[in-house]
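*Asks:* Quick one, what's the 3D model for this:
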Amino acid sequence: MFEYVVVAAAIASLLGSFAYIRSMFRGGVKPNRITWFMWSVAPFIAVAASISNGASWAVVPVLMSGISPLLIFAASFFHKEAYWKLSKFDYLCGVLSALALVLWYLTKDPNLTIAFAIISDALAAAPTLTKAWRCPESESSWPYVIGTFSPLTSFLVASSFTFAQVAFPSYLVLVNLLLVLSVHLKKGLSRLFRKK
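*Replies:* Next comes the predicted model:
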């Protein structure tokens, strides 16, 4: 029964991605390509490691957390104004994120793989977290709201609460909450100070 909840969350992830893409083409959001590309890579690696360590349905939300960013990253090439201009900080985070994946490749241990995938994903998130705080109008919170709840379904279908099954979903909940807060807190503070 819980598998249906996971499938529903996966569909919600796709819908959140399409809403973000639509906003991108309307001139609303501007994705950071380094973040969205690395966000698509790290989850796929975590999924492979989790499956090799015995996870099953619990990897579906993690898989979707890779597919959705891949769609957004690809769509950003179809609209000239639909991406955020990259800075040295963005490139540095991208290089460090890629380095974490290289370290994963060298270890071959499934749990270390997941840990490095989390580190890689977090480093990839740093530019978008910074951008969301500095320019909240350049981000939409919908993918992050869905991204907060979708990974929670992993806990419903996990056969056991091992690191392999719950580490990446736990991280996804945390990073998506931070992104939602970055967008909404800054927007709220801006409105508050404008009224004064």
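
*Asks:* Low-confidence bits of this protein, can you list those?
*Replies:* Along the chain, the model assigns pLDDT under 70 to residues 1-2, 49-50, 52-58, 81-86, 93, 97, 100-101, 104, 186-196.

*Asks:* For stretch 136-152, give the distance from the opening residue to the closing one.
*Replies:* Terminal residues of stretch 136-152 lie 25 Å apart, using Cα to Cα, to the nearest Å.

*Asks:* gap between it and the chain center?
*Replies:* Averaging C-alpha positions (Cα atoms, centre = their mean, to the nearest Å) puts stretch 136-152 9 Å from its chain's average.

*Asks:* And for stretch 129-139?
*Replies:* Relative to its parent chain, stretch 129-139 has a centroid offset of 15 Å by Cα atoms, centre = their mean.

*Asks:* buried stuff in that stretch?
*Replies:* Leu129, Thr130, Lys131, Ala132, Trp133, Pro136, Ser138, Glu139 (16 or more other Cβ atoms under 10 Å). Where you see a C-beta, it was placed from the backbone N, CA and C, and this is true even at glycine.

*Asks:* same deal with stretch 24-42?
*Replies:* Applying 16+ other Cβ under 10 Å to stretch 24-42 flags 24, 29-42 as buried.

*Asks:* Nearest to Asp90 among these?
*Replies:* Ile34 (5.0 Å; Cβ to Cβ).

*Asks:* and Val7, how many neighbours?
*Replies:* 14 (other Cβ atoms under 10 Å).
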